[in-house]
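Participant: One predicted model, sequence on top.
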Amino acid sequence: MGLAISEAFLTPVDLNLYPDYSYIIEYPIDLSTIKSRVDNRFYRRAGALKHDVTFIQSNTEKYNKKDSDIVKHSKVISDLCQDIVG
């Protein structure tokens, strides 16, 4: 969460800035929500945690242009989180 490229994924998307986000993205997720879920032992299996991590990337790809920097950053963040989870 300390990486500069993770900034866009740290908190939920601001719907005041992106009002159409909730119409396009069915399962919004962010790193702070995932961290809170880990801290509160929400996940029963590593697979469930990985599922949420993959949605950071897929949501970013769905909402943004495929060749944008934010999409590239989401892949790096998702890959790093997947490696950490194992």
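Facilitator: Cool, the structure landed.
Participant: What lies in contact with the worst-scoring helix or strand of the chain on mean pLDDT?
Facilitator: Here the helix or strand of the chain ranked lowest by mean pLDDT, DSSP states H and E is helix 69-85, holding a mean of 93. The contact list for helix 69-85 (Cβ atoms under 8 Å, 6 or more residues apart in numbering) reads 3, 5-6, 8-9, 31, 34, 46, 49-50, 53-54, 56-57, 60-61, 64-65. C-beta: built from backbone N, CA, C; applies to glycine.
Participant: Report the buried residues of it.
Facilitator: 71, 73-74, 77-78, 81 (16 or more other Cβ atoms under 10 Å).
Participant: what does stretch 15-25 give?
Facilitator: Buried-residue list, stretch 15-25, by 16+ other Cβ under 10 Å: Ile25.
Participant: how long is it end to end?
Facilitator: This stretch, stretch 15-25, spans 12 Å end to end (Cα to Cα, to the nearest Å).
Participant: Likewise for stretch 54-73?
Facilitator: End-to-end distance for stretch 54-73, by Cα to Cα: 13 Å.
Participant: Spell out for me the ChimeraX command that would select the buried members of the contacts of helix 69-85.
Facilitator: To isolate in ChimeraX the members of these that are buried, counting by 16+ other Cβ under 10 Å, one can use:
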select :6,8,9,31,34,49,50,53,56,57,60
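Participant: who's in contact with Lys50?
Facilitator: Counting by Cβ under 8 Å, 6+ apart, Lys50 touches 82, 85.
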